[in-house]
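1. Mind folding the following:
(one chain, ligands or ions: 2)
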Amino acid sequence: MNDILPDVSGTWRYLETIVREVIESYGYREIRLPLVEYTELFRRSIGDVTDIVEKEMYTFEDRNGESLTLRPEATASMVRAGITNGLFHNQRQKLWTAGAMFRYEKPQKGRYRQFHQFDVEAMGYAGPDVDAELIIMCVRMWQRLGLERLNLEINSLGSPDSRARYRDELVSYFSAVKSKLDEDSMRRLGKNPLRILDSKNPDLQRLIADAPVMLEFLDEESSRHFAGLKTLLDAAGVPYVVNPRLVRGLDYYNLTVFEWLTDALGSQGAICAGGRYDGLVEKLGGRPLPAIGWAMGIERLVGLYQACGGEPRPGRSEVYIVAVGDAAIGRSFELAESLRDALPAVHVELNLGGGSFKSQLKRADSSGAALAIILGEEEVARGEAGLKPLRSEEDQINVPLDDLAGTVGRHLLTLEGTL
Ligand code: ATP
Ligand code: MG
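-> Ligands and ions are numbered 1, 2, ... in the order given. Got it, this is the predicted structure:
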């Protein structure tokens with residue numbers, strides 16, 4: 001579980017702002033959900049025989065003996081919230097949320113026990129059009145953020161019927177090579193053989209590669225849905241690879257599943273993943289409602305942004321006020337407040353703790369500010385302040401205090417491109 005330090009929190013904020021803007025530009029509305037749910041919710045939705053439920057949940061009893069779990073993902077909570085708040089009564093919903101998720105994993109680069117996701121879900125939409133739109137939305141995000149080296153993989157898990165036929169086929173395939181399976185896979189063979197395809201065990205990859213593929217078992221309607229998605233992606237010029245082994249780590253998916261992968265981050269290359277879960281709303285007690293969504297890991301997004309040479313966006317002061325002498329210090333408070341009134345988005349840092357001009361200017365420099373405003377006895381007597389650009393060769397100028405906010409605003413605007 002990481003501390004996100006001030007040096008990178010500015011970059012996080014920048015990425016989050018753009019992701020949020022793009023999501024909302026497609027008509028999705030924010031929902032904020034609790035961090036804790038009844039354990040039962042995740043067991044029923046994600047599935048008993050999954051990595052998450054078998055070994056990754058932070059589960060505890062509260063004082064009342066209820067079993068609670070820190071959310072490992074957001075979809076289950078989203079559906080629960082929609083049902084308990086009546087959001088699905090004859091309505092379609094496009095929702096998004098973001099925040100911390102918790103999984104007891106083996107920590108490594110790009111894989112943490114508290115991590116953060118954006119989560120986007122469309123409920124009440126059955127056709128492949130929304131599947132395509134959710135993917136196209138990601139393309140727009142990658143473009144806005146200048147991200148490269150992202151590849152899209154898609155697959156179809158078919159309808160429950162076609163999946164059942166495929167399941168039988170998988171069981172006979174893996175049963176014939178039982179002695180080569182590991183303990184996890186043996187258990188899954190009985191309960192949920194599709195999960196074996198999701199195994200991370202390197203020794204099993206050959207076996208998995210030779211297993212029968214779901215796509216050959218799709219019924220007509222599932223095939224039509226998948227073809228519809230591909231046609232829309234082709235029309236939008238979005239390249240993809242069909243990966244018939246893509247099953248996703250949660251049980252509730254059907255039809256479309258997809259992942260955005262990068263080769264820029266080593267082995268934790270999944271940035272964003274999602275799929276359709278048409279049966280989940282009903283399974284959790286609502287009326288049947290088709291649904292699809294994706295989740296994106298923010299740590300991995302930050303990592304990819306850095307790997308693509310994205311500029312750091314430190315949250316730093318932009319204006320630093322230097323004041324020497326009692327009268328100037330007295331005036332500097334008023335001045336700082338009036339600048340914050342006039343330029344609410346600008347970070348104004350007032351020198352605290354006194355010091356000579358020289359030492360205050362040194363602090364101004366290390367604060368990262370673009371401009372220093374200098375107030376000494378003389379400036380105060382003349383009703384002026386010195387304005388000193390700190391990141392260019394430009395000379396210091398004197399500005400009447402009345403004009404200061406306007407001049408600072410104009411200076412920051414012209415500097416914006418170079419900051
Ligand atoms: P994996 O197969 O890598 O374990 P997953 O299928 O468990 O991934 P999802 O549940 O689909 O992952 O989560 C969606 C996204 O959240 C992932 O694509 C990834 O970017 C991110 N993510 C998942 N688990 C972690 C983690 N422990 N630390 C950081 N990011 C994570
Ligand atoms: Mg996982």
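
2. For the rest of this, base every contact and every neighbour count on C-alpha atoms.
-> OK.

3. Phi and psi next, for the closest residue to Leu375 other than its chain neighbours.
-> In space, and not counting its chain neighbours, Leu375 is closest to Ala323: 4.7 Å by Cα to Cα, 6 or more residues apart in numbering. Its backbone dihedrals place Ala323 at phi -140, psi 130, with angles given as degrees, to the nearest 10.

4. What is the burial count for Ala323?
-> Here the neighbour count serves as a burial measure; for Ala323 (other Cα atoms under 10 Å) it reads 29.

5. in stretch 262-270, what counts as buried?
-> For stretch 262-270, the neighbour count (16 or more other Cα atoms under 10 Å) marks Thr262, Ala264, Leu265, Gly269, Ala270 as buried.

6. Go ahead and measure how far it is from the middle of the chain.
-> Between the centre of stretch 262-270 and the centre of its chain there are 16 Å (Cα atoms, centre = their mean, to the nearest Å).

7. so what does the helix or strand where Ile154 lies touch, helix or strand wise?
-> Using DSSP states H and E, the element containing Ile154 is strand 150-156. Counting contacts by 3 or more Cα pairs under 8 Å, 6 or more residues apart in numbering; DSSP states H and E, the secondary-structure elements packed against strand 150-156 are helix 220-235, strand 241-242, strand 254-262.

8. Contacts only, for Ile292.
-> With Cα atoms under 8 Å, 6 or more residues apart in numbering as the criterion, the residues that contact Ile292 are Glu121, Ala122, Met123, Tyr125, Asp131, Gly274, Gly275, Arg276, Tyr277, Asp278.

9. Skipping its backbone neighbours, what lies nearest the second one in space?
-> What sits nearest to Ala122 in space, not counting adjacent residues and going by Cα to Cα, 6+ apart, is Lys94, at 4.4 Å.

10. which is the next helix or strand following the strand or helix carrying the one you found?
-> Applying DSSP H and E as the criterion places Lys94 in strand 93-102. Following the chain from strand 93-102 toward its C-terminal end, the next helix or strand by DSSP H and E is strand 114-123.

11. same for whichever helix or strand comes after that following strand, what does it pack against?
-> Under the assignment DSSP H and E, the closest C-terminal helix or strand after strand 114-123 is helix 128-145. Helices and strands in packing contact with helix 128-145 are listed as helix 6-24, helix 220-235, strand 291-297; criterion 3+ Cα pairs under 8 Å, 6+ apart.

12. who in this structure is up against ligand 1?
-> Residues of the chain found near ligand 1 (Cα under 6 Å from any ligand atom) are 110-113, 115, 117, 248-249, 270-273, 295-297, 299-300.

13. same thing but at 5 Å, please
-> Among all residues of the chain, those adjacent to ligand 1 (criterion: Cα under 5 Å from any ligand atom) are Arg111, Tyr112, Phe115, Gly249, Ala270, Ile271, Cys272, Ala273, Ala295, Met296, Gly297.

14. In CSV: those residues, plus pLDDT and distance to Asn85.
-> Written out in CSV, the entries for the residues of the chain next to ligand 1 read as follows (pLDDT from 0 to 100; distance: Cα to Cα, whole Å):
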residue, pLDDT, distance to Asn85
Arg111, 95, 33
Tyr112, 97, 32
Phe115, 98, 27
Gly249, 68, 28
Ala270, 96, 32
Ile271, 98, 31
Cys272, 98, 28
Ala273, 97, 27
Ala295, 98, 22
Met296, 98, 25
Gly297, 98, 27
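
15. between the strand holding Ile154 and strand 254-262, how many degrees?
-> Taking axes from the mean of the first three to the mean of the last three Cα atoms, to 10 degrees, one finds strand 150-156 and strand 254-262 inclined to each other by 160 degrees.

16. Could you tell me the angle between strand 150-156 and helix 220-235?
-> 160 degrees.

17. Taking helix 128-145 as reference, get the angle to strand 150-156.
-> Orientation note: strand 150-156 sits at an angle of 170 degrees relative to helix 128-145 (the same axes, to 10 degrees).

18. thinking again about what came up before, just the buried residues of stretch 262-270 now: which is nearest ligand 1?
-> Checking the buried residues of stretch 262-270 against ligand 1 by Cα to the nearest ligand atom gives Ala270 as the nearest, at 4.2 Å.

19. who touches the residue lying closest to that closest one once chain neighbours are set aside in this structure?
-> If you skip the residues right next to it in sequence, Ala270 has Leu261 as its closest partner in space, 4.5 Å away by Cα to Cα, 6+ apart. Residues counted as contacts of Leu261 (Cα under 8 Å, 6+ apart) are Leu150, Asn151, Leu152, Glu153, Gly269, Ala270, Ile271, Cys272.

20. The last one and Gly27, how far apart?
-> Read that as Cys272. Taking Cα to Cα, to the nearest Å as the measure, Cys272 falls 20 Å from Gly27.

21. more neighbours, these two?
-> Set side by side, Cys272 and Gly27 show more neighbours around Cys272, with 24 against 12, by other Cα under 10 Å.

22. So the more buried one: helix, strand or coil?
-> With DSSP: H, G, I helix; E, B strand; the rest coil as the basis, the three-state label of Cys272 is strand.

23. is it in a bridge, and if so with what?
-> Judged by DSSP bridges, the bridge partners of Cys272 are Trp260, Met296.

24. And the pLDDT at Leu419?
-> According to the per-residue confidence, Leu419 scores 41 in pLDDT.

25. got any ranges where the stretch 151-300 of the chain has weak pLDDT?
-> With pLDDT under 70 as the threshold, the stretch 151-300 of the chain has low-confidence stretches at 249.

26. Number of residues surrounding Leu229?
-> For Leu229, the count of nearby residues is 22 (other Cα under 10 Å).

27. Provide a list of residues in contact with it.
-> Contacts for Leu229 were tallied using Cα under 8 Å, 6+ apart; they are Pro128, Asp129, Asp131, Ala132.
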